[in-house]
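Engineer: Pasting the sequence and the predicted model now:
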Amino acid sequence: MKTGIELIAEEREEQIVKHGWDLKNDQDYGREELIKAALFCIDQTRFEWPYYWTEEFRQKILSKTRIDQLKVAGALIAAEIDRLSSYQMTVETTPNTICVCGNDHPLVAEFGKCGKCTEQTVDLP
């Protein structure tokens, strides 16, 4: 019998190899879509499917066994962890990016502003 972590790892591998949902693809999901989909897999009565994801995929999730739904949820959470880890590495390796307000705030590199103001970023020499 395989453990839960082994089943989740296999599901994540299938997402990447069979369906092409790799880290590059996952970078497009910056609005919690991976987590929303995972929560839907865990409890379809309390959580909604990401609104612009296909109905076909939603129905596929609904037709799965409970264990298979949880495997998908775990794999989606792993994908989000990888996406955030990759993002963190990008932020840490983006030198001299500050907001025009003069402050070096978190998330400047991703969003183009500091989060404390609405100004655009400036890349320093």
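Structural biologist: Here it is on my side, so go on.
Engineer: Mind checking the pLDDT average for stretch 19-32?
Structural biologist: Stretch 19-32 carries an average pLDDT of 82.
Engineer: Quick one: residues in contact with it.
Structural biologist: Here stretch 19-32 makes contact (CB atoms under 8 Å, 6 or more residues apart in numbering) with Q15, I16, L34, A79, E80, D82, R83, S86, Y87, E110. Where C-beta positions appear, they are placed from N, C-alpha and C, glycine not excepted.
Engineer: From the residues you listed, keep the buried residues only.
Structural biologist: The neighbour count (16 or more other CB atoms under 10 Å) marks Q15, I16, L34, A79, E80, D82, R83 as buried among the contacts of stretch 19-32.
Engineer: Tell me where the longest helix sits in the chain.
Structural biologist: In the chain, with assignment by DSSP state H, the single longest helix is helix 66-92.
Engineer: sorry, back to before: and the contacts of stretch 19-32, which is closest to S63?
Structural biologist: Comparing the contacts of stretch 19-32 against S63 with CB to CB picks out Q15 as the nearest, at 17.1 Å.
Engineer: if I pick the closest one, what's in contact with it?
Structural biologist: When contacts are taken as CB under 8 Å, 6+ apart, Q15 is in contact with W21, A75, A79.
Engineer: What of I8?
Structural biologist: K71, G74, A75, A78.
Engineer: repeat that with 10 Å
Structural biologist: Residues near I8 by CB atoms under 10 Å, 6 or more residues apart in numbering: K2, L70, K71, V72, A73, G74, A75, L76, I77, A78.
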